[in-house]
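A.B. asks: The following comprises the amino acid sequence and a computationally predicted model.
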Amino acid sequence: MNEIKLKTIRIPVFRTKIEEEELQLFDINKEDMVRFVCEKINNYNCSNINKIILENNGKNYTHEIVKLTAQKKNMHGSPVVFIQMSAHKTNLGDGYIETSQKIPMTKDVKIGSDHHYVIMYPMAIKGRSKFKKHWHIFIYDDPNKDSQEFIRIVKVMIKQVLNIKISNLKSKDFVEELKNFPILDNVTANFQTVELTNDQYSVTFNNYIVGGRIYSRKEFNLMKIPYDKIIEMIDDDDDITIKKKVFNIPIGKKEYKISKTIRKDYQNAKTKYSLLIESLYNESISITENEYNTKLYDEEFVIDKLESVVTNYMS
């Protein structure tokens, strides 16, 4: 008997920030939340005037969301929003696509996909005096997508189109959670540095230099590192050449992303540090190779697979 080959699809899950509203005569419910978001997305006109553009630090290429649609579906006994996005990467200055001929990349070439699928699951809680609501976001991160780019595109869309903020961890809560894992098996650390140009350029530009900087990026894969050492690295601001540091820490199904960036406060003539701590869960589903080849972007198939994850996660 031939062994069935399986492929894995990641389903990153994260949460939006809890919003509070005063209780009214008619309470907002999940149906209202879903209806409002569907209308908001479907009425949003992605056009040259109303573009959703994602810049990439230090890179010329950009990402653009060019089409959005939203439908109401039902999962795990609740109405949900099923979103399909079309997005592409553009302003590419190098590379080529090879088919029967080699097609060079130019700034006008766009590489994209119509199959960015997302589920928004509503949460509504009625308190004594206030109504609280938020969303769980499920991303269909198939193997043909860049995971970090896809997650970022979804977060920007939610913020720009729906004006909904993503929930981030407070520093003290992050430290408390990390204490449960004294030794971290796998950490990726990125450091972006900026230094003034040195004497090696003086020979060529001696009579012309007004000022200059050297930008560089270093990435390290760290294993079996104590959690307090990571906290120390995040808090250490002695090296003024480091303008941004990013740590990715996967622990089981959960993943933390910590970004620390130097920002100039020109009004008060001092330097500030911006700290952002994000967390998400990495669920997954398995599909057969035949399903991968024939159904990967079939809407009914995608909804069925996402519903199994939603049910498992919300149970």
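C.D. replies: Structure's in. What do you need?
A.B. asks: all contacts plus neighbour counts: C-alpha atoms, from now on.
C.D. replies: Will do.
A.B. asks: which residues touch the helix or strand encompassing Asp173?
C.D. replies: Here Asp173, judged by DSSP states H and E, is contained in helix 171-178. By C-alpha atoms under 8 Å, 6 or more residues apart in numbering, the surrounding residues in contact with helix 171-178 are 227, 231, 277.
A.B. asks: correct me, but the first one touches Asp185?
C.D. replies: No: using C-alpha atoms under 8 Å, Tyr227 makes no contact with Asp185, being 9.8 Å away.
A.B. asks: What's the separation between the nearest residue to Ile151 once chain neighbours are set aside and Tyr121?
C.D. replies: Leaving aside its sequence neighbours, Ile151 sits nearest to Ile139 (C-alpha to C-alpha, 6 or more residues apart in numbering; 7.5 Å). According to C-alpha to C-alpha, to the nearest Å, Ile139 and Tyr121 sit 11 Å apart.
A.B. asks: Next: Ser279.
C.D. replies: Computed as C-alpha to C-alpha, the Ser279 to Tyr121 distance reads 17 Å.
A.B. asks: out of the two, which sits in the busier spot?
C.D. replies: Neighbours per residue (other C-alpha atoms under 10 Å) separate Ser279 from Tyr121, with Tyr121 holding more: 25 against 20.
A.B. asks: Return the backbone torsion pair for the more buried one.
C.D. replies: phi -100, psi 120 (degrees, to the nearest 10).
A.B. asks: For Ile83, which non-adjacent residue is spatially closest?
C.D. replies: Among residues not flanking Ile83 along the chain, Ala70 sits closest, at 4.5 Å (C-alpha to C-alpha, 6+ apart).
A.B. asks: And for that neighbour, the neighbour number?
C.D. replies: Look at Ala70: counted by other C-alpha under 10 Å, it has 23 neighbours.
A.B. asks: How about the contacts made by it?
C.D. replies: Taking C-alpha under 8 Å, 6+ apart, we find Ala70 in contact with 38-39, 41-42, 81-84.
A.B. asks: Fine, thanks again, bye for now.
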